[in-house]
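Enquirer: Have a look at this fold, sequence not included:
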């Protein structure tokens, strides 16, 4: 049997609601199913009429009311059925269709608008994430919660705080604004605007954002970060500082779980080492697990040095740790002394444990030396360029060709070169006259960035040399051969030629010889292929 007071209260509620319906028959029906706030239970109940528009039901002790599928719990609830509104005090709990749970110490709820205003120790949860704040507005119809005076969302190990926040219950999105801070295992994100999905752990940025991950800092204005799968994409030229180098590009994609990243559009890689390597390209792929990089689409490598940086370009540039390469491939030692052993290289902090490969249409430029070739290998272990397939090296007015050329650096400046098979050196004196040396192999030495001497071996080695007097006037040309030819240079020009063993030769007066006919076999001046300045590298 229903308690007499409960029976009275129910009857009054029905009467009040009937009166409300009659008074609003020409307006929207606020008492339609799902709109009425129903009393479910309470330990204590009281009814009070204040005036014609205010009639209050006071429910105390574990009070419970509901509207549609939304249930309200509190220590006490004051219900005004005339305006379909309630206020709740102490241990307030809203169960919104078993999907969203909200807790607070105070609630004001407007039944007509289905809006809840909660204050003091507010906590909202959807069973996964937890939002806490001191003041929250929650719309039951749209399942949108709003805080404007500071709040926090905790989802597993992810913690987000902001001044303003908007929670969307249907999609489990939270839109954070003003002083947004996200902390996750290994990550910290600072921004002004951020969209976060509780289900997917996906964060989306639409304003300037900083992401801290160990020694790495990412600055971006657009993109997303998938915290669950450790993947991210950034646009509008993100900037990445990784302690020893920096990256910037039009856009970037990062997969931290697999240690992969890709950068597209005007990529700039800068080493923080004063004498390190910088790189630009239109596409750059990084593998942090193998410490490798692959640059394509007009890549240019800058080998920084004091006064004369070396620029290298090709269709593709690749770099990785030399010790890893040695596990799968033999790299012959090309120096007897002055290089690091593999044991010395096999250290995580070794700056020399790296190699570069370039293939197809290789060009090298520095103020003192230029080169081209089909492919190139360079190791920081021995500071040696290995140029393959039709390589050409130029220094001042000198051109060197052969099947393969090794170019040795010392302190990142030319020290010497070695030519394997079909070696030829040509020195341009005028458009008609060229000094020439040809042999099977050739060793060249530099001094102060200029060619100092050549030692050529052959079967035999051949030479064409134009003699000049002290007034720089030509007095004749000599065509000779021997087992070994040694040419000494003065200020980049051949000054003296020495022949060793089996010497043969003929000297000709300048006016009594066809100068083209005495050129050595396969003579070809290739000055049109020479990178004449840095612009030739950038316009590759």
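Expert: Structure's in. What do you need? Every value quoted in this text rests on a predicted model; they were computed, and no experiment measured them.
Enquirer: so residue 396 sits right up against residue 452, yeah?
Expert: No - applying Cβ atoms under 8 Å as the test, residue 396 and residue 452 come out as separate, 11.4 Å apart. No exception for glycine: its C-beta is placed from N, CA and C like everyone else's.
Enquirer: what about stretch 474-491, average pLDDT?
Expert: Taken as a whole, stretch 474-491 carries a mean pLDDT of 91.
Enquirer: what residue ranges in this structure are flagged as low confidence?
Expert: Under the criterion pLDDT under 70, the flagged ranges of the chain are 1-34, 52-53, 274-275, 307, 336-351, 540.
Enquirer: Counting residues, what is the longest strand that it contains?
Expert: In the chain, ranked by residue count with DSSP state E as the criterion, the top strand is strand 450-468.
Enquirer: Quick check: neighbours of that one in the sheet, parallel or antiparallel?
Expert: Here strand 450-468 is paired, per DSSP bridges, with strand 434-447 (antiparallel), strand 474-490 (antiparallel).
Enquirer: C-terminal to the longest one, what's the next element?
Expert: The one in question is strand 474-490. The helix or strand immediately downstream of strand 474-490 is strand 493-500, counting by DSSP states H and E.
Enquirer: Now do the same contact list for residue 105.
Expert: Neighbour list for residue 105: 89-92, 119-121 [criterion: Cβ atoms under 8 Å, 6 or more residues apart in numbering].
Enquirer: cool, and residue 267?
Expert: Here residue 267 is in contact with 247-249, 279-284, 295 (criterion: Cβ under 8 Å, 6+ apart).
Enquirer: Which of those has the largest number of neighbours?
Expert: The most crowded member of the contacts of residue 267, judged by other Cβ atoms under 10 Å, is residue 295 (28 neighbours).
Enquirer: Quick check: which of the strands paired with strand 450-468 is buried the most?
Expert: Between the strands paired with strand 450-468, strand 434-447 has the highest mean count of neighbours, a mean of 21, where neighbours are mean count of other Cβ atoms under 10 Å.
Enquirer: by how many degrees do that strand and strand 493-500 diverge?
Expert: 90 degrees (axes from the mean of the first three to the mean of the last three Cα atoms, to 10 degrees).
Enquirer: now strand 434-447: how far from the chain's centre is it?
Expert: Remark: strand 434-447 is offset 45 Å from the chain centroid, using Cα atoms, centre = their mean, to the nearest Å.
Enquirer: before we move on, what about stretch 298-306?
Expert: 19 Å.
Enquirer: Same question for stretch 394-409.
Expert: So, by Cα atoms, centre = their mean, the centroid of stretch 394-409 is 37 Å from its chain's centroid.
Enquirer: Then stretch 526-538?
Expert: Chain-centre distance of stretch 526-538: 31 Å, with Cα atoms, centre = their mean.
Enquirer: Hmm, residue 104 and residue 118 touching each other?
Expert: Yes - the criterion here is Cβ under 8 Å, and residue 118 meets it with residue 104 at 3.9 Å.
Enquirer: list residues touching both of these two?
Expert: Shared contacts of residue 118 and residue 104, defined by Cβ under 8 Å, 6+ apart, comprise 92, 136.
Enquirer: Going by neighbour count, which of the contacts of residue 105 comes out on top?
Expert: residue 92 (27 neighbours).
Enquirer: For that residue, list the residues it contacts.
Expert: Contacts of residue 92 (Cβ under 8 Å, 6+ apart): 72-74, 102-107, 118.
Enquirer: what sits opposite it in the beta ladder?
Expert: Residues in beta-bridge contact with residue 92 (DSSP bridges): residue 104.
Enquirer: Equivalent analysis for residue 132, please.
Expert: Bridge pairing for residue 132 (DSSP bridges) gives the partners residue 123, residue 152.
Enquirer: and it, how many neighbours?
Expert: 18.
Enquirer: quick one: contacts for it?
Expert: So residue 132 contacts 121-124, 151-154 (Cβ under 8 Å, 6+ apart).
Enquirer: roughly how far apart are it and residue 165?
Expert: From residue 132 across to residue 165, the span is 10 Å (Cβ to Cβ, to the nearest Å).
Enquirer: Repeat that for residue 474.
Expert: Distance from residue 474 to residue 165, counting by Cβ to Cβ: 87 Å.
Enquirer: circling back: could the strands paired with strand 450-468 be laid out in JSON lines, adding distance to residue 499?
Expert: Conversion of the strands paired with strand 450-468 to JSON lines gives the following (distance: least, Cβ to Cβ, whole Å):
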{"stretch": "strand 434-447", "distance to residue 499": "11"}
{"stretch": "strand 474-490", "distance to residue 499": "4"}
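Enquirer: Indicate which one of these is closest to residue 530.
Expert: Closest approach to residue 530 among these (Cβ to Cβ): strand 434-447, 14.7 Å.
Enquirer: got the angle for the helix or strand harbouring residue 408 vs strand 434-447?
Expert: With elements taken from DSSP H and E, the one containing residue 408 is strand 404-410. Per the same axes, to 10 degrees, the angle that strand 404-410 makes with strand 434-447 is 40 degrees.
Enquirer: could you give the angle of the helix or strand just after strand 404-410 to strand 493-500?
Expert: Later in the chain than strand 404-410, the nearest helix or strand by DSSP H and E is strand 413-428. On the basis of the same axes, to 10 degrees, strand 413-428 is oriented at 90 degrees to strand 493-500.
Enquirer: quick one: residue 48 and residue 158, what's the gap?
Expert: Separation of residue 48 from residue 158 (Cβ to Cβ) stands at 48 Å.
Enquirer: neighbour-wise, which of these two wins?
Expert: Comparing residue 48 with residue 158 by other Cβ under 10 Å, the one with more neighbours is residue 158, at 20 against 10.
Enquirer: Which neighbouring residues are in contact with that one, exactly?
Expert: 182-184, 196, 201, 227.
Enquirer: Just list whatever residues bridge to it.
Expert: Counting by DSSP bridges, residue 158 is bridged to residue 155.
Enquirer: and the gap between it and residue 100?
Expert: With distances taken as Cβ to Cβ, residue 158 is found 19 Å from residue 100.
Enquirer: Compute the number of surrounding residues for residue 465.
Expert: 21.
Enquirer: same deal with residue 414?
Expert: Using other Cβ under 10 Å, the number of residues around residue 414 comes to 25.
Enquirer: I'd say it and residue 406 touch.
Expert: No - look at residue 414 against residue 406 with Cβ under 8 Å: they stay out of range, at 11.7 Å.
Enquirer: tally of neighbours for residue 516?
Expert: Neighbour tally, residue 516, other Cβ under 10 Å: 9.
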